[in-house]
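Engineer: Fold the following for me, if possible:
(one chain, ligands or ions: 1)
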Amino acid sequence: MSLPHEELDRYRTEFASRFGGGESPALYFAPGRVNLIGEHTDYNGGHVLPIALEMGTYILLRPKDGPPSRVFSARIGKEVNLDLRSLRPRGDWCDYVRGVLHLLGREHRLPDFDALIFGDLPLEAGLSSSASLEVAMAFAAASLGVELSPEEAAALAWRAENEFVGVPCGVMDQYASAFGREGKALFLNCSTLEHRHVPCDLSPAVFLIAHTGVSRSLAGSEYRIRRQECVEALRLLSPLLGKRDTLAAVTVEELEKARGLLPETLRRRAEHVVRENLRVLETVTRLKAKDPEGVGTLLNLSHASLRDLYQVSSPELDAMQELSLAQPGVYGCRMTGAGFGGCAIVLIEEEWLPYYLEKVPALYCKATGRRPFFLPARPAGGARRMD
Ligand code: GLA
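Structural biologist: Numbers count the residues shown, from 1 in each chain. Okay, here's the model as predicted:
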């Protein structure tokens, strides 16, 4: 847990002064995530390998007798009143909460409640602050009489994002938030949703998150276009390969054979997906073998593919990758998440970390004019009730 007790107590006091004393509210937490490898593979039915972070979203929640339900976000500094009987998207931060409640409300009669939301995850950084809010709300539904398993919570959160908020994301973020485990990465098959935890200890090397200083939002990116391109590539491949459900089910050899069927752009997109999926499997093997060099090489290959074939990197992400690789002790680095801004993930020998943190910010700032920041990427536990 990253927020100290004193700070949690401060929010409890804030809850009481905003919503009144009485019974203590329940406290729920859901983490953000960083993906080690397997980018843009989830909506193509491939594998992903994220870790849950220590940072995330907290919700203090207490049911009450009458409307309106009140939700205050300490992150945004705004309070919203909700009528649980008629929830519609408004295009603001509270849609993630509304979406979860809307889907739950189809099958359950929910009591009204007061809630205070806070957290320590940077927003719009590509570290899944929205998924962590959705998953925290799905877990907090336990205090409204609907206890969900982690599977149910992740699936509901994902539906809220797709069907209510209207962002066509894959399943990775919500699953990583619900299923994170200390010291482990989540190896998730996004076709079958089968998953396993893989030890994630490459000591003396550690993972580090490098934020480019450029925020990103999924809704505003070319994410939708990439998704459509993948659907189109699969459609064009079907005369040769027969019907396949997902692009990740195509092999490298098949793709090679089908070269002539795809326009160059779509061929590149497909090649990224197929090879990136294989890189996830290889990374699991390299993690098990505690081989930081092997993992580092795979991270670098992933970055090159996202930059050149999938074309979702940015000048800032490329600069961060190049500068990082030029530092002593760095095994690998790649952009992580959807791309177009946000963060890179660096695998670095721990003893070189102070040197890196002293050197890279100034070099990066000089190269891009942006102010970066850095966060630890230690694999932490998934969503839970905390009190
Ligand atoms: C975003 C989406 C995920 C996934 C990644 C790219 O984070 O929310 O579902 O598609 O981009 O790997």
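
Engineer: all helices of the protein, in order?
Structural biologist: For the chain, the helices defined by DSSP state H cover 5-19, 95-105, 129-140, 150-159, 172-179, 223-241, 252-257, 264-288, 292-308, 315-325, 353-368.

Engineer: so what does the third one touch, helix or strand wise?
Structural biologist: Contacts defined by 3 or more Cβ pairs under 8 Å, 6 or more residues apart in numbering; DSSP states H and E place helix 129-140 against strand 26-35, strand 50-64, helix 95-105, strand 112-119, helix 150-159, helix 172-179. Every residue, glycine included, has its C-beta placed from N, CA and C.

Engineer: What pLDDT does the model give the residue in the stretch 201-350 of the chain that the ligand sits nearest to?
Structural biologist: Across the stretch 201-350 of the chain, no residue is closer to the ligand than residue 338, which sits at 3.4 Å (Cβ to the nearest ligand atom). Residue 338 carries a pLDDT score of 95 in this model.

Engineer: Which phi and psi values does it adopt?
Structural biologist: The phi and psi values for residue 338, taken as degrees, to the nearest 10, are phi -70, psi -30.

Engineer: Let me know how buried it is, in neighbour terms.
Structural biologist: Look at residue 338: counted by other Cβ atoms under 10 Å, it has 23 neighbours.

Engineer: hang on, it packs against residue 216?
Structural biologist: Yes - when contacts are counted by Cβ atoms under 8 Å, residue 338 is listed as touching residue 216 (6.9 Å).

Engineer: which bits of this structure sit near the ligand?
Structural biologist: Contact residues, the chain versus the ligand (Cβ under 6 Å from any ligand atom): 39-40, 42-43, 169-170, 172-173, 218, 337-338.

Engineer: switch the cut-off to 5 Å
Structural biologist: In this structure, the chain approaches the ligand at residues 39-40, 42, 169-170, 172-173, 337-338, judged by Cβ under 5 Å from any ligand atom.

Engineer: sorry, back to before: deepest of the helices and strands packed on helix 129-140, which one?
Structural biologist: helix 172-179 (a mean of 30; mean count of other Cβ atoms under 10 Å).

Engineer: In contact with the closest residue to residue 2 other than its chain neighbours, which residues?
Structural biologist: Nearest residue to residue 2, sequence neighbours excluded (Cβ to Cβ, 6 or more residues apart in numbering): residue 54, at 4.1 Å. By Cβ atoms under 8 Å, 6 or more residues apart in numbering, the contact list for residue 54 reads 1-2, 31, 376, 378, 380.

Engineer: change it to 7 Å
Structural biologist: Shown in contact with residue 54 (Cβ atoms under 7 Å, 6 or more residues apart in numbering): 1-2, 31, 378, 380.

Engineer: can you check residue 177 too?
Structural biologist: 30-31, 33, 52, 128, 131-132, 135, 382-383.

Engineer: same thing with residue 63?
Structural biologist: Residue 63 neighbours (Cβ under 7 Å, 6+ apart): 111-113, 143-144.

Engineer: what about 10 Å?
Structural biologist: 23, 25-26, 69, 110-115, 143-145 (Cβ atoms under 10 Å, 6 or more residues apart in numbering).

Engineer: Switch those over to CSV; also include pLDDT.
Structural biologist: Shown next, in CSV, are the contacts of residue 63 (pLDDT from 0 to 100):
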residue, pLDDT
23, 95
25, 98
26, 98
69, 98
110, 98
111, 98
112, 98
113, 98
114, 98
115, 98
143, 98
144, 98
145, 98
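
Engineer: between these, which is closest to residue 13?
Structural biologist: When the contacts of residue 63 are compared for distance to residue 13 (Cβ to Cβ), residue 25 wins out at 11.4 Å.

Engineer: gap between the closest one and residue 191?
Structural biologist: Plainly put, residue 25 is 39 Å away from residue 191 if you go by Cβ to Cβ, to the nearest Å.

Engineer: do residue 129 as well
Structural biologist: Counting by Cβ to Cβ - residue 129 and residue 191 are separated by 26 Å.

Engineer: what about the two, which has more around it?
Structural biologist: More neighbours surround residue 129 than the other of residue 129 and residue 191, with 22 against 16 (other Cβ under 10 Å).

Engineer: pretty sure that one is in contact with residue 76, am I right?
Structural biologist: No - the pair residue 129 / residue 76 is not scored as a contact, 11.2 Å apart, by Cβ atoms under 10 Å.

Engineer: Quick check: neighbours shared by those two?
Structural biologist: By the contact definition Cβ under 10 Å, 6+ apart, residue 129 and residue 76 are jointly contacted by 93, 123.

Engineer: Strands - which of the contacts of residue 54 land there?
Structural biologist: If you go by DSSP state E, the contacts of residue 54 have residue 31 in strands.

Engineer: Report the buried members of the contacts of residue 54.
Structural biologist: 2, 31, 378, 380 (16 or more other Cβ atoms under 10 Å).

Engineer: and which of those residues is nearest the ligand?
Structural biologist: Nearest member of these to the ligand, counting by Cβ to the nearest ligand atom, is residue 31, at 14.3 Å.

Engineer: now the closest one, nearest residue through space, not along the chain?
Structural biologist: For residue 31, ignoring the flanking residues on the chain, the nearest one in space by Cβ to Cβ, 6+ apart is residue 56 at 3.7 Å.

Engineer: got the contact list for the one you found?
Structural biologist: The neighbours of residue 56, taking Cβ under 10 Å, 6+ apart as the test, are 1-3, 29-33, 119-121, 127-129, 131-133, 135-136, 177, 180, 380-383.

Engineer: If we use 8 Å, what do you get?
Structural biologist: When contacts are counted by Cβ under 8 Å, 6+ apart, residue 56 touches 29-32, 119-121, 132, 136, 177, 383.

Engineer: and these as JSON lines, adding distance to residue 205 and pLDDT?
Structural biologist: Below are the contacts of residue 56 laid out as JSON lines (distance: Cβ to Cβ, whole Å; pLDDT from 0 to 100):
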{"residue": "29", "distance to residue 205": "28", "pLDDT": "98"}
{"residue": "30", "distance to residue 205": "28", "pLDDT": "98"}
{"residue": "31", "distance to residue 205": "22", "pLDDT": "98"}
{"residue": "32", "distance to residue 205": "22", "pLDDT": "98"}
{"residue": "119", "distance to residue 205": "28", "pLDDT": "98"}
{"residue": "120", "distance to residue 205": "25", "pLDDT": "97"}
{"residue": "121", "distance to residue 205": "24", "pLDDT": "96"}
{"residue": "132", "distance to residue 205": "26", "pLDDT": "98"}
{"residue": "136", "distance to residue 205": "31", "pLDDT": "98"}
{"residue": "177", "distance to residue 205": "25", "pLDDT": "98"}
{"residue": "383", "distance to residue 205": "28", "pLDDT": "98"}
